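Visitor: with the sequence up front, the predicted model follows.
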Amino acid sequence: MTNDKFTGYAALKPIDGPTLESMTFDARPLEEDEVEIRVQACGICGSDVHHLTNGWGRATYPLIPGHEFIGDITAVGNKVTEHKVGDRVGVSPVCRSCNECEQCTTQHKQLCPSKVTTYNGKYKGQMTYGGYADRVRVQSTWAIKVPENISSEEGAPLLCAGVTTFLPFKHQNIGEQHSVGIVGIGGLGHLAVQWARAKNCSKVLAFSSSDAKREEAFKLGATEFATLSETAKYQQSVDYLFVCGSGKSTNWTDLLGLIKLRGKLVLLDIPEEPVPFNAGAFVYKHISIIGSYVGSSEDLQEMLEFASKTGVRPWIDRVGNSLEEVNRGLGIIMSGKAHYRVVICGEGRQ
């Protein structure tokens, strides 16, 4: 049995800046269907900020974030057969499901009514803590083997941002016969562009708030680029519109105008404020709206294998695993200066 004292970087209350503190805690007992993972790399996700600031109003403190991480297994429960000590695995925002309900048996385990989130969740009365800690314990079915040609640093963001943007392509069968628009070329959007390229979509139209990312959008795989001030030129131009970034100034009427008759709006971004939609835009054009919440364990494995074959990788900024470096990385995210994804790197959190 490994050391039951784990260390992580925590918010003890809602924060308004990068002010995490070091926290040592007693790990809950390793269940017979679980594995223990020593964290090698963990992404700093925008969702972490929403929880750390309690912007979504559902955080519990102390809170140790981190729901996209990769590491090596250091211990296995008595009933675990698919993993062994030393295996390199990745973990997503969900770390446990019942594996028996309708959602679980139809490969939608992330929607299990009994699911446990990797952090800010509860299991047997104890809080779950994420990958900003040196070690994490999760149900073995949610520890996903990582292909050898995907590094831990590049692979970590695929476990959340990657699968979130991949899943609509899978569930909607989006491919070469479809045109796709991506709004917001950031942490989510730059991966959505790459999936669209890898799926050989007939058009990959990238929309950004300014012209600054034009060149990079084409490098990522966009076939066209436009700023949000130019939406009038692209009315009814795409079958699927992925909204990967939005804010108080977002003009949803303009965005809906980009979608073809019988097209779909794919919502991946979760603003902290309600989104104002004009119902007529949906009724008169037969537009539908769909959401996508990460993925099942099967989706995660499929996504990683597809990324392995096609070369889809997040663009990342690396920070070290000291408290000072983690707070620096969090500050990059909170200030909106991230160059797509920020990843905490290192063998565990010391």
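Guide: Looks like it came in fine.

Visitor: mind telling me what element the closest residue to I344 other than its chain neighbours is part of?
Guide: Leaving aside its chain neighbours, I344 sits nearest to C42 (4.7 Å; criterion: CB to CB, 6 or more residues apart in numbering). From N, CA and C alone the C-beta is placed, and that goes for glycine too. Here C42 sits within strand 34-44, counting by DSSP states H and E.

Visitor: pairing partners for that strand, with directions?
Guide: Sheet pairing of strand 34-44 (DSSP bridges) gives strand 69-76 (antiparallel), strand 135-139 (antiparallel), strand 341-345 (antiparallel).

Visitor: R214 belongs to a strand?
Guide: No - counting by DSSP: H, G, I helix; E, B strand; the rest coil, one finds R214 to be helix, located in no strand.

Visitor: tell me the contacts of T227?
Guide: Each residue near T227 by CB atoms under 8 Å, 6 or more residues apart in numbering is listed here: F207, S208, S209, S210, D211.

Visitor: and G17, by the same measure?
Guide: G331, M334.

Visitor: dihedrals phi and psi, it?
Guide: Dihedral pair for G17: phi -160, psi 180, per degrees, to the nearest 10.

Visitor: how close does it get to I333?
Guide: 11 Å (CB to CB, to the nearest Å).

Visitor: circling back: what is the rounded mean pLDDT of the strand holding C42?
Guide: Regarding strand 34-44, the rounded mean pLDDT is 98.

Visitor: what's the local residue count around the nearest residue to G247 once chain neighbours are set aside?
Guide: The shortest distance from G247 to any non-neighbouring residue, by CB to CB, 6+ apart, is to P271 (6.8 Å). Residues lying near P271 (other CB atoms under 10 Å) number 16.

Visitor: part of a helix, is P271?
Guide: No - using three-state DSSP, the assignment for P271 is coil, not a helix.

Visitor: that one contacts S249, doesn't it?
Guide: No - using CB atoms under 8 Å, P271 is not in contact with S249; the gap is 11.0 Å.

Visitor: all helices of the stretch 251-350 of the chain, in order?
Guide: For the stretch 251-350 of the chain, the helices defined by DSSP state H, counting those that start in this stretch cover 252-256, 279-285, 297-310, 323-334.

Visitor: among those helices, which comes closest to V85?
Guide: Closest of the helices of the stretch 251-350 of the chain to V85 is helix 297-310, at 20.1 Å (criterion: CB to CB).
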